[in-house]
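Trainee: my questions are about this predicted structure, shown below with the sequence.
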Amino acid sequence: MRKPAFAVAAALVFVTIGASAQPPAPQPFPTTNGPSTAPPSRQQPPPPASASPARSQAQPPATTAPNGQPDQNADLAAKLGVPVYPSAQLLGSYDAGRGQTFYLFGSTAAFNDLVAYYKSVLKQGGHMVFDAPATYSFEVGKFDEDTMAFPPGVTIKDFQSEPTGGYPNPKPGGQPAVFPSVIQIVTAPAPAPAPPAGR
């Protein structure tokens with residue numbers, strides 16, 4: 001029985017070494033709470049797909065978008081534990097380290113409309129991080145520097161003031177060609193599994 005246990009331990013060491021050799025995770029938007037870059041980490045393997053991130057106290061939004069269309073992001077919001085603006089398009093996700101993930105969403109909604117929406121659904125004021133380009137941030141959980149790389153939260157950035165007039169759609173031929181605003185959601189790490197009950 002020792003051989004399988006040794007093989008599993010060796011595999012975990014290999015995964016850990018391979019993960020630490022990767023470049024630091026990108027940080028799409030600056031934050032004022034927490035480190036400015038991802039700290040070097042000895043990452044654990046990602047949690048199984050069935051594990052869900054810790055839920056914030058915010059409730060997902062209604063299942064109808066502001067324009068009356070069905071909310072395509074309701075299932076994703078339930079998975080993330082953070083509301084996703086109903087008509088926003090998922091642009092990609094990135095490993096933030098320590099079991100956290102950055103999710104980027106493009107939106108055709110104006111920056112001020114997105115800020116008002118998140119103030120309403122998160123029931124908090126948030127704060128302006130930068131005036132130009134306008135960047136607004138909401139915290140959706142407590143930051144624990146021992147277990148997290150970044151504070152869980154929602155950050156909105158106005159890309160209309162950029163020279164391109166918006167954030168380019170990364171999907172070839174995707175519509176719209178540019179997004180005036182981008183929403184970044186940083187998840188909390190998945191909760192640690194409960195220890196087995198004693199007999």
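Mentor: Thanks, I have the structure now. Model, not experiment: these values are computed from the prediction.
Trainee: just checking, residue 105 touches residue 169?
Mentor: No - using CB atoms under 8 Å, residue 105 is not in contact with residue 169, being 11.8 Å away. To be clear about C-beta, it is placed using only N, CA and C from the backbone, and glycine gets the same treatment.
Trainee: and those two? which has more neighbours close in?
Mentor: residue 105 (24 against 16; other CB atoms under 10 Å).
Trainee: give the bridge partners for that one, please.
Mentor: residue 90, residue 183 (DSSP bridges).
Trainee: please give me every residue in contact with it.
Mentor: Contacts for residue 105 (CB atoms under 8 Å, 6 or more residues apart in numbering) come out as 73, 84-85, 88-91, 182-185.
Trainee: out of those residues, which end up buried?
Mentor: Buried subset of those (neighbour count, 16 or more other CB atoms under 10 Å): 73, 84-85, 88-89, 91, 182-185.
Trainee: can you redo these as JSON lines with distance to residue 131?
Mentor: Below are those laid out as JSON lines (distance: CB to CB, whole Å):
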{"residue": "73", "distance to residue 131": "28"}
{"residue": "84", "distance to residue 131": "26"}
{"residue": "85", "distance to residue 131": "22"}
{"residue": "88", "distance to residue 131": "23"}
{"residue": "89", "distance to residue 131": "26"}
{"residue": "91", "distance to residue 131": "24"}
{"residue": "182", "distance to residue 131": "17"}
{"residue": "183", "distance to residue 131": "19"}
{"residue": "184", "distance to residue 131": "18"}
{"residue": "185", "distance to residue 131": "22"}
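Trainee: just the closest of the residues you listed to residue 174, please.
Mentor: Nearest to residue 174 among those, counting by CB to CB, is residue 89 at 7.8 Å.
Trainee: that closest one touches residue 103, doesn't it?
Mentor: No - with contact defined as CB under 8 Å, residue 89 does not reach residue 103; the gap is 11.3 Å.
Trainee: pull the contacting residues for residue 179.
Mentor: So residue 179 contacts 89, 91, 106-108, 159, 166-167, 169 (CB under 8 Å, 6+ apart).
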